[in-house]
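Q: how would this look folded up:
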Amino acid sequence: MTQSDSPAAGMKAVILAGGLGTRISEESHLRPKPMIEIGGRPILWHIMKLYSHFGVRDFIICLGYRGYMIKEYFANYVLHNADLTVDLAKGAVEYHATHHEPWRVTLVDTGAETMTGGRLKRVAGYLEPGRPFFFTYGDGVADLDIGALAAFHRSHGRQATVTAVSPPGRYGALDIRDGSVQRFVEKPPGDEGLINGGFFVLQPEVVSRISGDPMPWESEPLQGLAADGQLMAFPHAGFWTGMDTLRDKNNLEALWASGQAPWKLWS
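A: Predicted coordinates for the structure are as follows:
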């Protein structure tokens, strides 16, 4: 299957990139958490490369803490990924052998203190009416079949799909029956059950469930979707991890250095 044949091709992806990342403060006091590097590239880049592998090339990045650093990264992306000749006398720059991506990236300041749901609501004007879109956090990677996720979402006709994974029990848990999410419980104790893997497909109307900046996506919006029978689970049994701590970052770095990073589906 080519990128253009993927069920995900042409869809937009909204990525949350505005949080403080306090649990990885060794790195995040200098830069936004999604800009922390794995193998010399921000983890945000890794997430976008995963989506791009399945034909997603239109991204909306929700900025907050030190958002200017993410703006500068993309504004200078071509400069940093090309050979170039600088003619100082003419004040001209000639680019050679560029290695940039075929991406369209919309960078939106969504507020320094805005919660995850509020950030989504702030970018609603950039979404296409009636068309599903991806929504994810800017700090998690997986060997996830993004195309299959999109196809599953279209098949069930509900408002939302969440990717269900099985890591340690420090994340929000999903109560699933016959594929339908019955209940969402944030950060339950213990290590049992499937949890929110952070890779969503949503219909634009879910934004109406968000009251404003102070509302986390994981509270009333997600819980309400589950209670209303509008949240379906896409199970993912493969690799998944969030980069919450310096230990997580070092583990990802080691996987990348080994040449066996499971989330690197692109060539």
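Q: wait, doesn't residue 95 sit right on residue 81?
A: No. Using Cβ atoms under 8 Å as the test, residue 95 is too far from residue 81 to be in contact (9.7 Å). C-beta here means a position set from N, CA and C on the backbone, and glycine is covered the same way.
Q: intersection of neighbour lists for those two?
A: Common neighbours of residue 95 and residue 81, using Cβ atoms under 8 Å, 6 or more residues apart in numbering, do not exist here.
Q: where's the most far-flung residue of the chain relative to its centre, which helix or strand?
A: Distance from the C-alpha centroid of the chain, by Cα atoms, centre = their mean, peaks at residue 89 (43.2 Å). Using DSSP states H and E, residue 89 maps to neither a helix nor a strand.
Q: go on, residue 141?
A: Per DSSP H and E: residue 141 is located in strand 140-142.
Q: per-residue confidence averaged over the helix or strand following that strand?
A: Using DSSP H and E, the helix or strand that directly follows strand 140-142 along the chain is helix 146-156. In this model, helix 146-156 has an average pLDDT of 98.
Q: could you point out the helix or strand that follows helix 146-156?
A: Downstream of helix 146-156, the first helix or strand assigned by DSSP H and E is strand 160-165.
Q: name the surrounding residues that touch that following strand.
A: By Cβ under 8 Å, 6+ apart, strand 160-165 touches 142, 144, 149, 152-153, 174, 176, 181, 194-203, 206, 222, 225, 230-236, 240.
Q: pull the helix or strand with minimum mean pLDDT from the protein.
A: helix 25-28 (a mean of 59; mean pLDDT, DSSP states H and E).
Q: pLDDT below threshold where in the stretch 51-200 of the chain?
A: 167-172, 186-192 (pLDDT under 70).
Q: what ranges do the strands span in it?
A: Assigned strands in the stretch 51-200 of the chain, in chain order: 58-63, 83-87, 92-96, 104-109, 133-137, 140-142, 160-165, 173-177, 180-185, 194-202 (criterion: DSSP state E, counting those that start in this stretch).
Q: now these in TSV, with distance to residue 116 and mean neighbour count?
A: As requested, those are exported to TSV (distance: least, Cβ to Cβ, whole Å; neighbours: other Cβ atoms under 10 Å):
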stretch	distance to residue 116	mean neighbour count
strand 58-63	9	23
strand 83-87	38	10
strand 92-96	37	10
strand 104-109	14	16
strand 133-137	8	24
strand 140-142	13	24
strand 160-165	13	26
strand 173-177	17	17
strand 180-185	13	17
strand 194-202	10	25
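Q: any idea which of those gets closest to residue 253?
A: strand 140-142 (12.0 Å; Cβ to Cβ).
Q: now the closest one, how far from the centre of its chain.
A: Centroid separation between strand 140-142 and its chain, computed with Cα atoms, centre = their mean, to the nearest Å, is 8 Å.
Q: now do stretch 140-151
A: 11 Å.
Q: how far does that stretch stretch from start to finish?
A: Start-to-end span of stretch 140-151 (Cα to Cα, to the nearest Å) is 21 Å.
Q: contacting residues around that stretch?
A: Residues contacting stretch 140-151 (Cβ under 8 Å, 6+ apart): 1, 6-8, 11, 43, 46-47, 50-51, 53-56, 132, 134, 161, 163, 165, 197-199, 201, 234, 236, 238-243, 252, 262-263, 265.
Q: how about it: buried residues?
A: Buried residues in stretch 140-151, defined by neighbour count with 16 or more other Cβ atoms under 10 Å: 140, 141, 142, 144, 145, 146, 147, 149, 150.
Q: ok, so of those residues, who is nearest residue 127?
A: residue 150 (15.3 Å).
Q: follow-up on the earlier one: any chance of the strands of the stretch 51-200 of the chain in JSON lines with distance to residue 217 as columns?
A: What follows is the strands of the stretch 51-200 of the chain, written out as JSON lines (distance: least, Cβ to Cβ, whole Å):
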{"stretch": "strand 58-63", "distance to residue 217": "11"}
{"stretch": "strand 83-87", "distance to residue 217": "41"}
{"stretch": "strand 92-96", "distance to residue 217": "39"}
{"stretch": "strand 104-109", "distance to residue 217": "16"}
{"stretch": "strand 133-137", "distance to residue 217": "8"}
{"stretch": "strand 140-142", "distance to residue 217": "14"}
{"stretch": "strand 160-165", "distance to residue 217": "10"}
{"stretch": "strand 173-177", "distance to residue 217": "14"}
{"stretch": "strand 180-185", "distance to residue 217": "11"}
{"stretch": "strand 194-202", "distance to residue 217": "9"}
